[in-house]
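Colleague: predicted structure and sequence below. I'll ask about it afterward.
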Amino acid sequence: MMMKKLIDKLEQNSILSMDEYTELISNISPEIAEYLFEKARQARHKYYGHDVYIRGLIEFTNYCKNDCIYCGIRRSNKNAERYRLSKDDILQCCQSGYDLGFRTFVLQGGEDPYFTDERMISIISSIKQQFPDCALTLSIGEKEHESYQAFFDAGADRYLLRHETANDEHYRRLHPEEMSPLHRKKCLYDLKAIGYQVGCGFMVGSPYQTAENLAEDLLFIKELQPHMVGIGPFIAQHDTPFADRKNGTMNLTLFMLGLLRLTVPYALLPSTTALGTIHPLGREKGILAGANVVMPNLSPVSVRKKYLLYDNKICTGDEAAECRYCMQSRMESIGYHVVIDRGDCRTV
Ligand code: SAH
């Protein structure tokens, strides 16, 4: 079938078969991409208008007990300079974020055993107490059901846990033996059942990834029906075993954003920092391909250069306020507006 016909079909049904997705992903041209992005923007405008939601990202620890092959803060990376923020540091990040108009805070970190459930609950409760009109998102990896429940009961609203790849064999090539693709997916279903707004996601162009793998990601997402989907290009990190691998491309990442917008039209889709890292206008182009969220950094400048999941990460020298206003002007330059809002998902 003609590629445009496939995109029309996706627009109508919000789903394609594995073969159809694979065919689209394997036959990207500038013309087809523009056709997709136009439809993706229409869908995005229907649900979210020209609003762009901002999330204040607080990278509160880079200690990690996991050893994901691609990740710069994996435990085997002896060159990573480790840090943790204190609860007071975190609350200060939230306060400066609040003053800048953020109404969502994202606590992201490695899987750091120092942050026990008890410590997390104390941080979560304090944030929710001081900023009751804000949403709190956690992104701290795989936990037991009861921990997720306890964080939710303490006030956490959302949870980001990228599934990384929906294909089991591919998952195993990106992770050490002790990590299980099944367990990661189970976590996502647990989080949903508890009542979190849930985000999954994957890297584009990670080592060994095929077009079929990406099609499988879309079908997994269709089944999970997450509220958010975070994707970004894989970017090699020099201290990992994947140091010499090719980076994912901007064009494939944008195309996947467009396909996601038509597959889960209601979803919150960030235009990620990794996308901004591989191209100076990556985040603007992401919005124009169907994304509707950006996640400027609120971490203290003193630690920013240490949370290096991948090489050449942008904005590691900037103050929160600079990032906030930079983002605003970037969005205005393409006809979109940063809004002061929790930015909840419209409907699943
Ligand atoms: N420890 C948390 C947070 C992970 S870091 C968790 O397990 O969910 C957030 C995301 O960064 C990861 O899910 C991964 O998709 C992405 N990431 C890690 N290394 C990367 C790399 N080299 N290039 C691009 N993205 C990367």
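Modeller: It's in. Numbering: from 1, shown residues only.

Colleague: helices of the stretch 51-200 of the chain, residue ranges please.
Modeller: 87-99, 117-130, 145-154, 168-174, 181-194 (DSSP state H, counting those that start in this stretch).

Colleague: and those as JSON lines, adding mean pLDDT, distance to I73 and mean neighbour count?
Modeller: Using the backbone N, CA and C atoms, a C-beta is placed for each residue, glycine as well. Formatted as JSON lines, those follow (pLDDT from 0 to 100; distance: least, CB to CB, whole Å; neighbours: other CB atoms under 10 Å):
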{"stretch": "helix 87-99", "mean pLDDT": "98", "distance to I73": "18", "mean neighbour count": "17"}
{"stretch": "helix 117-130", "mean pLDDT": "98", "distance to I73": "18", "mean neighbour count": "16"}
{"stretch": "helix 145-154", "mean pLDDT": "98", "distance to I73": "21", "mean neighbour count": "17"}
{"stretch": "helix 168-174", "mean pLDDT": "98", "distance to I73": "15", "mean neighbour count": "16"}
{"stretch": "helix 181-194", "mean pLDDT": "98", "distance to I73": "18", "mean neighbour count": "17"}
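
Colleague: tell me which of those helices sits nearest to the ligand.
Modeller: Closest approach to the ligand among the helices of the stretch 51-200 of the chain (CB to the nearest ligand atom): helix 181-194, 8.5 Å.

Colleague: tell me which parts of the protein are close to the ligand?
Modeller: Applying CB under 6 Å from any ligand atom, one finds that the chain approaches the ligand through 70-71, 108, 110-111, 139-141, 161-162, 164, 203, 232, 234-235, 237, 274, 309-310.

Colleague: show me where this structure dips below the pLDDT cut-off.
Modeller: 1, 348 (pLDDT under 70).

Colleague: and the residue positioned nearest the centre of it, what are its phi and psi?
Modeller: Centre of the chain computed as the mean C-alpha position; nearest residue by CA atoms, centre = their mean is G230, 2.9 Å away. Main-chain dihedrals, G230, degrees, to the nearest 10: phi -100, psi 120.

Colleague: looking at it, it is touching R162, isn't it?
Modeller: Yes. Using CB atoms under 8 Å, G230 makes contact with R162 at a distance of 5.9 Å.

Colleague: shared neighbours of those two, anything?
Modeller: Contact with both G230 and R162 is made by residues G199, C200, G201, according to CB atoms under 8 Å, 6 or more residues apart in numbering.

Colleague: nearest to the ligand, out of these: which one, please.
Modeller: Distances from the ligand to those, taken by CB to the nearest ligand atom, are shortest for G201, at 6.5 Å.

Colleague: now that closest one, what's its secondary structure?
Modeller: strand (DSSP: H, G, I helix; E, B strand; the rest coil).

Colleague: who's in contact with it?
Modeller: L160, R162, H163, E164, M228, V229, G230, I231.

Colleague: got it, and G72?
Modeller: A80, Q237, D239, T240, L308, L309, Y310, D311.

Colleague: thinking again about what came up before, quick one, what contacts the residue nearest to the centre of the chain?
Modeller: L160, R162, G199, C200, G201, L269, P270, T272.

Colleague: neighbour-wise, which one of those leads?
Modeller: Taking other CB atoms under 10 Å as the neighbour criterion, P270 ranks highest of those with 29 neighbours.

Colleague: surely that residue meets I54?
Modeller: No. At 9.9 Å, P270 does not count as touching I54 under the criterion of CB under 8 Å.

Colleague: rewinding a little: just put the contacts of G201 in CSV and tack on distance to E20.
Modeller: Converted to CSV, those look like this (distance: CB to CB, whole Å):
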residue, distance to E20
L160, 28
R162, 24
H163, 21
E164, 23
M228, 24
V229, 19
G230, 24
I231, 19
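
Colleague: about what we covered before: looking at the contacts of G72, which is nearest K9?
Modeller: Comparing these against K9 with CB to CB places Y310 closest, at 35.0 Å.

Colleague: on that earlier part again, give me the subset of the residues of the chain next to the ligand that lies in strands.
Modeller: Q108, S139, M203, G232 (DSSP state E).

Colleague: of all those residues, which comes closest to H45?
Modeller: Relative to H45, the closest of those is G232; by CB to CB it sits at 23.1 Å.

Colleague: how about the nearest residue to the closest residue to the ligand within the stretch 151-300 of the chain, chain neighbours excluded?
Modeller: Nearest to the ligand in the stretch 151-300 of the chain, going by CB to the nearest ligand atom, is R162, at a distance of 3.6 Å. Once flanking residues are discounted, R162 sits nearest to G201: 3.9 Å by CB to CB, 6 or more residues apart in numbering.

Colleague: now T347
Modeller: Nearest to T347 is Y266, by CB to CB, 6+ apart, at 5.4 Å.

Colleague: ok, of the contacts of G72, which come out buried?
Modeller: Buried subset of the contacts of G72 (neighbour count, 16 or more other CB atoms under 10 Å): A80, Q237, T240, L308, L309, Y310.

Colleague: list the contacts for the last one?
Modeller: With contacts taken as CB under 8 Å, 6+ apart, Y310 has the following neighbours: Y70, G72, F234, I235, A236, Q237, A274, T277.

Colleague: same check on the first one?
Modeller: If you count contacts by CB under 8 Å, 6+ apart, A80 has them with N62, G72, I73, D239, K306, L308.

Colleague: farthest pair in the buried ones among the contacts of G72?
Modeller: Longest span within these, CB to CB: A80 and Y310, 12.4 Å.
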